[in-house]
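Chemist: Pasted the sequence and its predicted model underneath.
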Amino acid sequence: MTDVRPPGVRSGGAQDEPHGRPLNRISGGLHGRGVNMQCPSAARMFDYCLGGTANFAVDRQAVDRLLPEVPEIQVYARATRAFLGRVIRFLCDRGIDQFLDLGSGMPTVGNVHEIVRRRRADARVAYVDVEPEVVSHSKELLRGTEGVTVTHADMREPETVLAAQGVAGLLDFSRPVAVLAVSVLPYVPDADDPVGIMRRYRDNCSPGSYLAVSHGTPLTMSVDQVRSSEYVYQSTHTPLAMRGSERIRTLLPGYELVDPGLVPLPEWRPEPDVNAAQDSTYSANGLAAVGYLPNEMLDVRNG
Ligand SMILES: C[S@@+](CC[C@H](N)C(=O)[O-])C[C@H]1O[C@@H](n2cnc3c(N)ncnc32)[C@H](O)[C@@H]1O
């Protein structure tokens, strides 16, 4: 195994007990998904790429196998996480105080509710993830935090997500809500109709709501690099599919894109003084956009 480790990540078995205690090892879970020590998970691999500690040897091995050939995966992880911070600050400044975070990921530095609460102390955040250990870690972190919930659900089932107590009981969809689909749609294959899924979330939102999307796309990656990335993720419960820009635009159906539109991740409203991007614009191999749901949308629903 190539010994390529992001800064701050130790090697060895202790890492299998993040934060000094074992991860939830209950098997089963949503659609039979449980914590499988033999199988890497997208959430934990992403955490490892960011230098986090909530990952197992199997996740590190999967990333370490890929990194020498596709170092871009780490650049992407940093760039999409930075985009998440910028987009939350932007949405708070636009008056949004309710967030539905689909595919929220392992709790790590700069969680959505922490960034939000720096701007709006009364804001509400509903986290949703399909990975049981993401949910158990998040619940532990959030214990006693008012106005923030975490729901174990599959974002491909919008009606289930929207009816869940942690979502329906927290967010008021008669007012604007920001739906965050940050780096989760690559895990929704075309066969599951991601555009139809995003339409169903949209149809539950009032005018003035927003949708934020980031998505992997091969800007500098070769065909072989894309194949290798997709191959490694085939061994997870959530295989990865990169998409081209036209296809990514369809994932914001009926939304008006706010400036600067659908652009490479570091180009979406960069904040030069905050976490200044060290990576070149294209090497993140990801695109980002934020859509706004205008009033006229009410007339063209089902379009
Ligand atoms: C790359 S991580 C992104 C985490 C976070 N959104 C961020 O930007 O830092 C992708 C997350 O999506 C979750 N995920 C994948 N497919 C999902 C699905 N169908 N429903 C809910 N979550 C899903 C994974 O478990 C993982 O936590």
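Modeler: Cool, the structure landed. Note that the coordinates shown come from a computational prediction; the quantities given were computed from them, not determined experimentally. Residues are numbered from 1 along each chain as shown.
Chemist: contacts, neighbours, all on C-alpha from now
Modeler: Fine.
Chemist: ok, now which ones touch Asp224?
Modeler: Shown in contact with Asp224 (CA atoms under 8 Å, 6 or more residues apart in numbering): no residues.
Chemist: now swap in Arg89 and tell me
Modeler: 115-116, 119.
Chemist: can you redo these as JSON lines with secondary structure, neighbour count and distance to the ligand?
Modeler: Formatted as JSON lines, those follow (DSSP: H, G, I helix; E, B strand; the rest coil; neighbours: other CA atoms under 10 Å; distance: CA to the nearest ligand atom, whole Å):
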{"residue": "Ile115", "secondary structure": "helix", "neighbour count": "18", "distance to the ligand": "13"}
{"residue": "Val116", "secondary structure": "helix", "neighbour count": "24", "distance to the ligand": "14"}
{"residue": "Arg119", "secondary structure": "helix", "neighbour count": "17", "distance to the ligand": "19"}
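Chemist: ranges for the helices of the stretch 51-200 of the chain?
Modeler: 57-66, 72-93, 112-119, 132-142, 158-163, 165-168, 194-203 (DSSP state H, counting those that start in this stretch).
Chemist: of those, which approaches Cys49 most closely?
Modeler: helix 72-93 (5.3 Å; CA to CA).
Chemist: Compute the inter-axis angle for the closest one and helix 112-119.
Modeler: Interaxial angle of helix 72-93 relative to helix 112-119 (axes from the mean of the first three to the mean of the last three CA atoms, to 10 degrees): 40 degrees.
Chemist: Buried residues, helix 72-93. List them.
Modeler: 72-89, 91-92 (16 or more other CA atoms under 10 Å).
Chemist: How about stretch 91-104?
Modeler: For stretch 91-104, by 16+ other CA under 10 Å, it's 91-92, 96-104.
Chemist: ok, so of those, who is nearest Trp268?
Modeler: Nearest to Trp268 among these, with distances taken as CA to CA, is Leu91, at 13.1 Å.
Chemist: Residues of the chain that sit close to the ligand?
Modeler: Within the chain, the positions near the ligand by CA under 6 Å from any ligand atom are 42-43, 46, 80-81, 102-106, 129-131, 154-156, 182-184, 187, 238.
Chemist: mind checking pLDDT for Met106?
Modeler: Note on Met106: pLDDT of 89.
Chemist: swap that for His237, sorry
Modeler: Reported pLDDT for His237: 88.
Chemist: wait, isn't Ile73 in contact with Ala284?
Modeler: Yes: between Ile73 and Ala284 there is a contact under CA atoms under 8 Å: 7.4 Å.
Chemist: Please convert the helices of the stretch 51-200 of the chain to a markdown table, extending it with mean pLDDT.
Modeler: As requested, the helices of the stretch 51-200 of the chain are exported to a markdown table (pLDDT from 0 to 100):
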| stretch | mean pLDDT |
| --- | --- |
| helix 57-66 | 94 |
| helix 72-93 | 95 |
| helix 112-119 | 94 |
| helix 132-142 | 91 |
| helix 158-163 | 98 |
| helix 165-168 | 98 |
| helix 194-203 | 98 |
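Chemist: Dump those to CSV, plus distance to Arg227.
Modeler: Below are those laid out as CSV (distance: least, CA to CA, whole Å):
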stretch, distance to Arg227
helix 57-66, 11
helix 72-93, 13
helix 112-119, 31
helix 132-142, 27
helix 158-163, 30
helix 165-168, 36
helix 194-203, 21
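Chemist: residues touching Ser235, list them.
Modeler: Counted by CA under 8 Å, 6+ apart, Ser235 has contacts 39-40.
Chemist: give me phi/psi at it?
Modeler: phi -90, psi 0 (degrees, to the nearest 10).
Chemist: Ok, Arg156 next?
Modeler: Torsion angles, degrees, to the nearest 10, at Arg156: phi -70, psi -10.
Chemist: can you pull the contacts of the closest residue to it other than its chain neighbours?
Modeler: Excluding its sequence neighbours, the residue lying closest to Arg156 (CA to CA, 6 or more residues apart in numbering) is Ile197, at 6.2 Å. Shown in contact with Ile197 (CA under 8 Å, 6+ apart): 156-158.
Chemist: For PyMOL, write the select line for the buried members of these.
Modeler: Applying 16+ other CA under 10 Å to those, the buried members can be selected in PyMOL as follows:
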select buried, resi 156+158
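Chemist: Nearest to the ligand among the contacts of Ile197?
Modeler: Set against the ligand, the nearest of the contacts of Ile197 by CA to the nearest ligand atom is Arg156 (5.2 Å).
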